Each structure stands twice: as C-alpha cells, then as structure tokens.
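[1] Based on what follows, work out the 3D shape:
(2 chains)
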Protein chains: 2
Amino acid sequence: MNDSKRIVLDAMGGDTGPRTVVEAMNLLEPELRSRVLLVGIEDEIKACEPDPDWGILHAGEVIGMNETPSQALRKKKNSSIAVGINHVKSGEAAAFVSAGNTGAVMAFAVNTLGRLSGVLRPAIAGTFPTSHHHKPCLVVDVGANVDCKPEQLRQFAVMGQTYYREVIGEEKPRVGLLSIGAEEEKGNELIHGTRELLKQAPINFIGHVEGRDIFNGSVDVVVCDGFVGNVILKASEGVATLLMEWIYHEVQNTAQKSGDNTLEQTFARLLKRVDYSETGGAPLLGVNGVCLISHGSSTAKAIANAVRTADQTIQHDVNEHITAEIGALSVAS
Amino acid sequence: MNDSKRIVLDAMGGDTGPRTVVEAMNLLEPELRSRVLLVGIEDEIKACEPDPDWGILHAGEVIGMNETPSQALRKKKNSSIAVGINHVKSGEAAAFVSAGNTGAVMAFAVNTLGRLSGVLRPAIAGTFPTSHHHKPCLVVDVGANVDCKPEQLRQFAVMGQTYYREVIGEEKPRVGLLSIGAEEEKGNELIHGTRELLKQAPINFIGHVEGRDIFNGSVDVVVCDGFVGNVILKASEGVATLLMEWIYHEVQNTAQKSGDNTLEQTFARLLKRVDYSETGGAPLLGVNGVCLISHGSSTAKAIANAVRTADQTIQHDVNEHITAEIGALSVAS
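    Numbering: from 1, shown residues only, chains lettered A, B, ... in the order given. Just a heads-up that it's a prediction; the model follows:
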C-alpha cells in the first residue's frame, strides 16, 4: 500500500453514523475501496457488518454535530475526526473525508495539518448544481472565514480555479466576483477592494456575478467571503426544501384526483435530482493535506462520491498546484 | 378626492410597460382604482385603452431598466418616476408604486422625499414565501445599503417589525438577525456588533437565524445588510428557476411517455405558485412618503397587489408608526 494514496473515511460522521458509511464503502470501486481506512469506534463499525478485509482505525470518541469546534479541539483528542486527521498529518494517509461536524473538521484540519505554504486562510469550497448538468458551480468560501480581506479573496479565486480545473475538469474555469450587479460601481468595500486584484491575477476573471448566476451556468468559480457564501448555501437549501414541499402537495392533490401514480414516480426522480446530499463533499482548500467535508445528511452515494473526489484531488496533485500558483501570486504582486 | 389617499402608479415601469399596468388597473377594486393616478407618456398609456375615467399624469420620459440611478437622477427629471415621486412630495398623493428601475426609484425617493425623522438610512424590505403560506418572511435590507453599521441594522429591525405588524398583520412579529449559525459566537463583526443592540430594542428578537429559516416559517422579519440581502434575493430566484427547469424537463419526459396531460396542468399550477412576481412589491422603508418597488417582470396581478399593499401602508399610517418607534429608540439608547 502506497500511503500517499490512502484515504481515511470518518465512520462516525453524518446523522446516521457507521451504517451509511458501510453502505458507501460497498458502492466504491474495489481498487479505491482497498485504499480506504474507516476511522471510528470499532465495535460500532463492526456491528454494521463491514467486509473483514476493510481497514479499521479505532477512535474512542465521537464529536457531536452541535459541539463547538473550540471545545471539540480541546477535549476530543481521541475522536474519529482527530485520529483521522492525525493519520494524514503523520503521512500514513493522504486524505480525510467526513460527514461530521464541519466546524470541528475545519478546526482540527487547520490546527493539525497547518496551511499550505503561502496560503493566508484556508477556505471551504461549496459545490452548487447548475443548469449545465455536469458542471457544477464552485463557491469559495462557504463558511470558513467570516470577515475577509481582498488578498484572501484573491487566494480563494486562485485555489478555486486550481481545484475546478484539476478535479471538476475545465481548462480555464470562469471566475466571478459575487456582487449585487454587473456594473463595477455596484458592491461593497470588500468587492471594490478585491476587483482590481482579481483583474491582475492569473485567472480567467469574468467580473462581477450575481446570486442567480451561481445556478445558471454562466460562471464556474464564484468568490465571496464565508459569511455571504454560508448564507447562500443555507438559503438555497431553504428554497429547494420549500419548493419540494409545494410540489409534493400539488402531486398528492393531483394523484388523489386521478388515481395515477406516474406523477409520484416523476416526483421521486426529481427528489433524487435535487438532492443536495448527492453532490459529494466540500473540499477544505489551502490546508496541508486533502480534506473533504460532506453534508451531515449525506446518503451513502454522497459519501462514496466524496471519497472519489478525495481520490481525484490526490491523483491530480491539487495541493502541489495550489502551492505553486499561490507562490506565483506572491512573486507577481 | 382626499389627496392623502391617492396612489400614483408608474405606467412605464416593468418589462412590458403600460399594457400590464392597464391590466393591473382592471384587477383592482373600483374604490381603490378611483384613487389611482397613472403616470407616464400619455399617448402610450392611451394606446392601451385605459378607462376614460382613470386619472393620467403626463411624464415625457422613461428611465430604462439599465440606466444608472445617478445618471437618471441628473438627466431624467421628467421621467414617470421623477414626476410620480414629486406628486407625493407635493402632497397631491400619498404613495408611489413602480415596477421600474429599482435603483432609480430609490434614488429619486430618497432625494426628493427625504428620510423620516430619525431614520439613518432607508432600506428595501423584500418579501419571501414561506411554508406558512399566508405569512411571508420580510428581509430588510435587500439592496439599498451595502456597507452597514449596527445602528442601521437596529433601525431596519424596528422598521421591518412595524411594517410587518401593520401591513402583513401579526401582533408581535418574530425578528431574527441573519447569521451563519444559531450560536452567538457565530457571525461576523457586524453581527456581533448588532446582536446586543437588538437584544435591548423594543422588538420580539429571537436571536440568530440562518439562510434556510427565511423559507421555513420560523421567523417573520430577518435583518441583514443590503449586500447580503440582495445576494439572497437573487440566489433564491436562481434556485427556483433551476428547479423549475428540472421539473419541466421531467414533466415533459413523463408526459411524452404517458400521453397524459394532468402532469402539465399540475406544473402550470406550480409555476403560478412559485411565481415570485405575484408577491406584490417591496416597500422602501424610512422615506418620507410611501414607496413600493415591484419586480421588473411583474404580472398585472403582482402590480395590482403592490397597489393594494401601498393602500394598506397608507391606511395603517405605517410611516407615522415608524417615526414614533424610531424616535423611542433614540430616546432609549
């Protein structure tokens, strides 16, 4: 086993725990699965009947979804998150994937792994669906940094571009700065301070974009501070949930009247399609190691996708690219 | 005619111009309609066959949807927006309603009407649908102020609460501060600075809320700066549009296979329901006069609803309440 290709998967993360993670393992390609190490409470993992060949790394504790990152960092040194990330730190694995407490994963990753050379602040990149089905939009940052400076946003742009190019696969991803209008006079102080930096950065900068552009396929990487990005992430989930509620209501009404079940089949297909949890995982960009965070309500398919994404991130040497491109930025500026 | 009850309606606003506005007039209750004055290019309004009894106020120019507010303010003094708002300023009418250029309406309103006594900055209140069908969520601000101070957000909270109570009708609307987590340590500098002010304000403050809460019925008035609010407004439209695209695709697929058109009927009902344009109009809170801005793609029904909302705002003396409540705030603090 080449340790540089190993992926540690948090068996305790997510709302449903080891059962969903074991299901996820069964969805993986055998070659990839053989490189995954499950981390968590061994008895609980074994109760879910994993294949006896799978590697298990015991960790005695679990960080709850509502624990504060700072408390977890101090008190949960034997948690699946801490043990998993330590395994990356020691070089015994290259990546860590978790559907657990986002803040705790971030705190342990930044604290234990540290930042890549030249990176001011790591950022979480969120993946949003677009009308161009197979090319999602990547929003950086969706929650790691609430008050940002223009220099940080410039780095988010570069890291986002690198990740998009290498992992999602697009030679020159279009990078937009999130604002409230296409015109340059629109925006707040942070936007005005960042725009000129982005114009001069070695990226395919397309200028200001608006909230709706995230979903219409007109931009690949959207740069914003983590407060705005997190609000968008959660508001989008809110809109989608509300619409699905309305649709379900209409579907029930119509199905009752017609006695026809094609509608419900259509609805089931739709639900699958709009399921945010299937998109895979949000990379924590800028830390010295590969780290992917999945939604707490991830399905087995979503967790399997996150493991595949982690593998792509390793295979494409994303962190080496980020270090080089951030380095070039510092020299140029 | 009691001038204090008159409403000036911009006949040139919106993507479709006078035709939709004339349709909107026909949807109004006769008593209300008799108090509306259409403002715009007289010939163009008359070409749409309005009732000969309707009042028309001629204005020789139109402000385009893409003109910058500052240019419009300087050059378009005879525009329907300028003439309409001057009519409110002079006391010949109490309210102005437009589906035209939002920035221009705001610029003329603030410039011509001025602020209500004690108000630091007027704000646009956006109305969002929620799962509790008849009680929308009001988000203040959705675009008037991009960089805000805590004192301004406190006023948005008070103005939003007043408007919600008087016009939407809820004795003690729940007011939330938009952040990225329920815990007090989550948020940015603005949030931390605002929270204590809101705790002490005479409002029903329920603490931090998140993006998804706007849509799930757990809060009535959400306070945020206008950059964040505008991004949410447009991102929500983006998500809704994308989902409708997907649904339409599924509906077409299924209908083709089954030859059944009940699905398409269901879809038509849905489209109506999710039509943002039917919600009516966003009040500009804090200016000395009633001013409502409708979406540029407003339907006749949406414009009629905006006129009804303007009427409610007048009838309930919302601006008098705002002045009193903002005044009390200044004395208390």
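[2] Return the residues in contact with A:Val221.
    Residues in contact with A:Val221 (CB atoms under 8 Å, 6 or more residues apart in numbering or on different chains) are A:137-140, A:157, A:160-161, A:164, A:173-176. Yep, even glycine has a C-beta here, placed from its N, CA and C like the rest.
[3] Select from those every entry located in helices.
    Counting by DSSP state H, the part of the contacts of A:Val221 found in helices is A:157, A:160-161.
[4] Of the residues you listed, which is the nearest to B:Val97?
    Distance to B:Val97 across those (CB to CB) is lowest for A:Ala157, with 41.0 Å.
[5] Look up the pLDDT of the residue nearest to A:Ala11 when sequence neighbours are not counted for me, please.
    Distance criterion CB to CB, 6 or more residues apart in numbering or on different chains; nearest residue to A:Ala11, sequence neighbours excluded, is A:Gly40 at 3.4 Å. If you check A:Gly40, the pLDDT there is 97.
[6] likewise A:Asn2?
    Model confidence at A:Asn2 (pLDDT) stands at 61.
[7] Equivalent analysis for the one 3 residues further on, please.
    The pLDDT attached to A:Lys5 in the predicted structure is 91.
[8] distance of A:Ala144 from A:Leu9?
    With the distance defined as CB to CB, to the nearest Å, A:Ala144 ends up 22 Å from A:Leu9.
[9] did I read that right, A:Glu67 in a strand?
    No - A:Glu67 is assigned coil when assessed by DSSP: H, G, I helix; E, B strand; the rest coil, not a strand.
[10] Next, it: phi, psi?
    Reported as degrees, to the nearest 10, the phi and psi values for A:Glu67 are phi -70, psi 150.
[11] Same question for the one 10 residues further on.
    With angles defined as degrees, to the nearest 10, A:Lys77 sits at phi -80, psi -10.
[12] For stretch A:39-57, buried residues please.
    Neighbour counts over stretch A:39-57 (16 or more other CB atoms under 10 Å in any protein chain shown) mark A:39-41, A:45, A:48, A:50, A:54-57 as buried.
[13] Show me what that stretch is in contact with.
    Contacts to stretch A:39-57, defined as CB under 8 Å, 6+ apart, come from residues A:8-12, A:17-19, A:21-22, A:25, A:33-34, A:36-38, A:58-62, A:80, A:83-84, A:87.
[14] Buried ones among the contacts of A:Val221?
    Among the contacts of A:Val221, those classed as buried by 16+ other CB under 10 Å are A:137-140, A:157, A:160-161, A:164, A:173-176.
[15] any idea how far chain B is from A:Tyr163?
    With distances taken as CB to the nearest CB, to the nearest Å, A:Tyr163 is found 21 Å from chain B.
[16] Isn't that residue up against A:Pro136?
    No - with contact defined as CB atoms under 8 Å, A:Tyr163 does not reach A:Pro136; the gap is 11.6 Å.
[17] With neighbour numbers in mind, choose between these two.
    A:Tyr163 (25 against 20; other CB atoms under 10 Å in any protein chain shown).
[18] Tell me the one of the buried residues of stretch A:39-57 nearest A:Glu151?
    Nearest to A:Glu151 among the buried residues of stretch A:39-57, with distances taken as CB to CB, is A:Val39, at 35.3 Å.
[19] The closest one bridge partners, please.
    Beta-bridge pairing of A:Val39 under DSSP bridges involves A:Asp10, A:Leu57.
[20] Point to the residue nearest the middle of chain A.
    Chain A has A:Ala282 as the residue nearest its centroid, 0.3 Å off, counting by CA atoms, centre = their mean.
[21] Now do the same contact list for it.
    Applying CB under 8 Å, 6+ apart to A:Ala282 gives the contacts A:124-127, A:142, A:292-294.
[22] A:Arg35 now?
    Contacts for A:Arg35 were tallied using CB under 8 Å, 6+ apart; they are A:1, A:5-7, A:311.
[23] Could you rerun that using 7 Å?
    Counting by CB atoms under 7 Å, 6 or more residues apart in numbering or on different chains, A:Arg35 touches A:5-7.
[24] ok, it to A:Asp311 distance?
    Separation of A:Arg35 from A:Asp311 (CB to CB) stands at 8 Å.
[25] joint contacts of these two?
    What both A:Arg35 and A:Asp311 touch, as defined by CB under 7 Å, 6+ apart, is the set A:Ile7.
[26] show me where the stretch 101-250 of chain A has strands.
    Assigned by DSSP state E, counting those that start in this stretch, the stretch 101-250 of chain A shows strands spanning A:123-128, A:137-140, A:174-178, A:204-209, A:221-223.
[27] Dump those strands to TSV, plus mean pLDDT and distance to B:Gly193.
    Below are those laid out as TSV (pLDDT from 0 to 100; distance: least, CB to CB, whole Å):
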stretch	mean pLDDT	distance to B:Gly193
strand A:123-128	96	24
strand A:137-140	97	26
strand A:174-178	98	23
strand A:204-209	97	27
strand A:221-223	98	25
